[in-house]
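In: Okay, here's the prediction I keep looking at, along with the sequence it came from:
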Amino acid sequence: MSVFSKLGFDKGDERGIYIGFHAGRVAWMFTTALLLLWSLYGILRTGNLPAQFVVLSASQVVFWISYLYYGKKLGS
């Protein structure tokens, strides 16, 4: 018996990937909505693109890359 089994960790299966994929999607939607509202507020307040917009753009790139990766891994 391995150390991981003694601690209660089992070998991952497809359910773990599926749950992680959907949890990531929910977190991304929440983060996107929050950053979008914060960016719009910054634009309206200052008239310039705030740093939040850069973070919003980067989060979009990270999400879509991971979406494509896990989509291929899940076969969807």
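Out: Received the coordinates, thanks. Residues are numbered from 1 along each chain as shown.

In: Residue 24 touches residue 69, doesn't it?
Out: No: under the criterion of C-beta atoms under 8 Å, residue 24 is not in contact with residue 69, lying 10.8 Å apart. For glycine as for every other residue, the C-beta is placed from the backbone atoms N, C-alpha and C.

In: Tell me the buried residues in the helix ranked longest in the chain?
Out: Determined from DSSP state H, the single longest helix within the chain is helix 14-46. Residues of helix 14-46 classed as buried under the neighbour-count rule (16 or more other C-beta atoms under 10 Å) are 21, 28, 31, 35, 38-39, 42.

In: outside of the helix or strand just after it, which residues touch it?
Out: Using DSSP states H and E, the helix or strand that follows helix 14-46 towards the C-terminus is helix 51-74. Residues from elsewhere that reach helix 51-74, judged by C-beta atoms under 8 Å, 6 or more residues apart in numbering: 14, 17-18, 20-21, 24-25, 28, 31-32, 35-36, 38-39, 42-43.
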